[in-house]
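>>> this is the structure alone, sequence omitted:
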């Protein structure tokens, strides 16, 4: 029994006293990104909007915006330019995720922060729903989201 505890202690020492390896951090980041993107996607929503647009209940522009706004994770995700950063407060993983909406391709940058409050920030390459309106509140919201992501991006250094 003493041998098992000794092996565990050596393993913890070799891995940095229980810190996750880069591979473990990357896997956690990818799972968190996938979970976040999945939570934003509503299956069938595009079909509903396309049907309403065909009957004239909503504009075709609005239907396209809905269909092109979020990742359809079931069509697959590709991760690239993924890098791990270590800080006193924990690890961070930054990179790019690519995939498809219901009608086209989409990409996003992400920042994942490991630690007590595992969290992820995602900045999509496009915002068709918000950009459709082009009113001052929608544009201001996009600016605020960009500033928030810039703040998160400081973990990528």
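That came through, no problem. Predicted model only: the values in this text are computed from it and were never measured.
>>> in terms of pLDDT, where does residue 140 sit?
As predicted, residue 140 sits at a pLDDT of 86.
>>> nope, residue 136 is what I was after
For residue 136, the pLDDT comes out at 80.
>>> next one: it from residue 143, what distance?
For residue 136, the distance to residue 143 equals 10 Å [C-beta to C-beta, to the nearest Å]. Bear in mind the C-beta positions are built from the backbone N, C-alpha and C, glycine included.
>>> one more: residue 70?
For residue 70, the distance to residue 143 - C-beta to C-beta - is 21 Å.
>>> also residue 118?
27 Å.
>>> buried residues of stretch 51-61, list them for me.
52-53, 58 (16 or more other C-beta atoms under 10 Å).
>>> typed the wrong thing, it's stretch 82-100
So, applying 16+ other C-beta under 10 Å, buried residues of stretch 82-100: 82, 84, 90-95, 97, 99-100.
>>> so residue 24, which of the three states?
Put simply, residue 24 is helix when judged by DSSP: H, G, I helix; E, B strand; the rest coil.
>>> residues contacting it?
If you count contacts by C-beta atoms under 8 Å, 6 or more residues apart in numbering, residue 24 has none.
>>> next one: residue 50
Taking C-beta under 8 Å, 6+ apart, one finds 63, 67 in contact with residue 50.
>>> let's have the chain start at 47 instead
All right, first residue 47 from here; so that's residue 96.
>>> tell me the secondary structure for it?
Residue 96 ends up helix, using three-state DSSP.
>>> could you report the neighbour count for residue 175?
Neighbour count for residue 175, taken as other C-beta atoms under 10 Å: 14.
>>> any idea how far residue 105 is from it?
Counting by C-beta to C-beta, the gap from residue 175 to residue 105 is 13 Å.
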